[in-house]
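In: sequence first, predicted coordinates after that:
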Amino acid sequence: MPELVGRMHASGVLHRDLHCGNVLVRPEAPGHVVLTDLHRVRRRRRLSRRSRAANLAQLLHDRRLWTTRSQRMRFLRHYLRASGAEGTLRGWVRLIEPLAGRHSRRVYAQRDRRIFGRNRYFSPLAVGGYRGHVILASKRQVPGSRAAAVTFTVEDWRRALSDPEGLFTGPDVQVVKDSPSSLVVRRSLRVGPVELDVYIKRSRRKKRIRWVLDFFRPSRAMRAFGHGHALLARHIYNALPLAAMERRRAGFLVDSFLITEAVDEAMHLNRFLSRYLGLADGDEALPATQRRHLAREVLWQLGRLVRRLHEEGFAHRDLKASNLLVRWTGREDCPPAIIMVDLDGLRRVRRVTARQQFRGLMRLNVSLLECPAVNHAGRLRMLLGYLRRPGTGRVNFKPYWRELQRWSGEKIRRQIESRQRRQRALRRKRP
């Protein structure tokens, strides 16, 4: 592949849509690759260094998450040798990296705009006095998702949501949560040719000021729907949002609900860690070597998940173990997949501040204290997964760790005081 791109650039040929989807590989000859989609090809007398770097940035964006830094450096070294381009390897890296980041932001912004449009993947829907958006097909495969492999139609969703109030009643409806902030039920929902196991969340207001705020902004359901698909476009797994509907009267939000698919064969993070990493004997007990490897992989992935959220401009104010699912097939060659749920606390920001970074890490660190299978070293490994970047070498983690411990101690103290206030209020209400 680097030799092909290098010879192409040396001949003055530029492919304006260079990504792995436009490259074919012969199975019987893996070293032989063929470019497709040639209507985007342009021929020039001479390619500038910036034009070459921008073309390479397209390819880097496509494979950035699935390759290591060493593999990308090896690719660039072979490219420079084949193209005969001038300059050092370090200079080309410094030129390509910002261009790749700019290209990624442009591609993700384009995909985000599609979420609330009418296209092959999404569609607006109006039924029963509600208006919203539904998914027709998923471009990203979500672990444990059946709906991601099915193509729906607008008529399928119109029949499934013909009675919005009836979604919360029926013999198969299981109430998961009923609080002042939301009502969450689990049920089976037939959409087109498949029967899906879904969660339906109806948002409630606890403060009157939200009546005014919701007049000027989308509902919680619509925001969670958009955030969920924006994360999937960035290869961050979450429970697949299927539909978001809202009902307004004279512009004021009256009701809204979000439908997400239940993840098959997944369990909450603390339960997964206690089940597979606990020291109790049983049929599911793992050997000590495999247990250490699994703990290292899961906790390292937790840190990388938080880092990816912050790098992409997402701040989560309620990131805790109960809002994270883990799906694992039990095979050593297949690492566990961490899946986010309950995206109500997610916000898009231009830049994640240091306070927001520590808040997300602190919430996750405090929630892991409730799991006996995660010790001090395990929580430190999660922090290292967040701090380390490819090519940065060793990280001085001790100042971050001390600050995280201080934040976590303050959070635990506030939790204890809140529980004591609630207990005193309950005792005063008793006759």
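Out: Arrived safely.

In: which stretches of the stretch 251-400 of the chain form helices?
Out: Counting by DSSP state H, counting those that start in this stretch, the stretch 251-400 of the chain has helices at residues 269-277, 288-311, 354-368, 376-387, 398-429.

In: surely residue 344 meets residue 319?
Out: No: with contact defined as CB atoms under 8 Å, residue 344 and residue 319 do not form a contacting pair (11.6 Å). To be clear about C-beta, it is placed using only N, CA and C from the backbone, and glycine gets the same treatment.

In: the two: which is more packed in?
Out: With other CB atoms under 10 Å as the criterion, residue 344 and residue 319 differ in neighbour count, and residue 319 comes out ahead with 24 against 19.

In: now for the chain, the helix or strand with the poorest mean pLDDT.
Out: In the chain, no helix or strand scores lower on mean pLDDT, DSSP states H and E than strand 29-35, which sits at a mean of 75.

In: can you name the next helix or strand after it?
Out: Moving toward the C-terminus from strand 29-35, the first helix or strand encountered (DSSP states H and E) is strand 41-43.

In: so which elements touch that next one?
Out: For strand 41-43, the contact count by 3 or more CB pairs under 8 Å, 6 or more residues apart in numbering; DSSP states H and E identifies strand 13-15 as packing neighbours.

In: need the contact partners of the strand it packs on.
Out: Contact partners of strand 13-15, identified using CB atoms under 8 Å, 6 or more residues apart in numbering, comprise 8, 22, 35, 37-38, 40-44, 47, 51, 55.

In: what would those residues look like in TSV with distance to residue 64?
Out: Output for these, formatted as TSV (distance: CB to CB, whole Å):
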residue	distance to residue 64
8	21
22	17
35	20
37	21
38	25
40	21
41	23
42	24
43	28
44	27
47	23
51	20
55	15
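
In: who wins on neighbours among the residues you listed?
Out: Neighbour counts for the contacts of strand 13-15 were taken using other CB under 10 Å; the highest belongs to residue 55, which has 23 neighbours.

In: so where does that one fall, helix or strand?
Out: Secondary structure from DSSP H and E places residue 55 in helix 49-63.

In: helix or strand right after that helix?
Out: Heading C-terminal from helix 49-63 (DSSP H and E), you reach helix 69-83.

In: now the angle between helix 49-63 and that following helix, please.
Out: Between helix 69-83 and helix 49-63, the angle formed by their directions is 140 degrees, by axes from the mean of the first three to the mean of the last three CA atoms, to 10 degrees.

In: give me the distance from helix 69-83 to the chain's centre.
Out: Its chain's C-alpha centre lies 30 Å from the corresponding centre of helix 69-83 when counted by CA atoms, centre = their mean, to the nearest Å.

In: and it, which residues are buried?
Out: Buried residues in helix 69-83, defined by neighbour count with 16 or more other CB atoms under 10 Å: 72-73, 75-76, 79-80, 82-83.

In: list the buried residues of stretch 141-161.
Out: Across stretch 141-161, burial judged by 16+ other CB under 10 Å covers 142-145, 147-148, 150, 152, 156-157, 160-161.

In: tell me the one among the residues you listed nearest to residue 213.
Out: Distance from residue 213 was checked for each of the buried residues of stretch 141-161 by CB to CB. The minimum falls on residue 161, at 26.1 Å.

In: what's the nearest residue to the closest one if we skip its chain neighbours?
Out: Counting by CB to CB, 6 or more residues apart in numbering, residue 161 lies nearest to residue 127, which is 5.2 Å off, once chain neighbours are set aside.

In: hmm, the one you found is touching residue 159, no?
Out: No: applying CB under 8 Å, one finds residue 127 not in contact with residue 159, separated by 9.1 Å.

In: could I get the buried residues of helix 69-83 as TSV with distance to residue 273?
Out: Supplementary listing: the buried residues of helix 69-83 in TSV, determined by distance: CB to CB, whole Å:
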residue	distance to residue 273
72	33
73	35
75	37
76	39
79	43
80	45
82	48
83	49
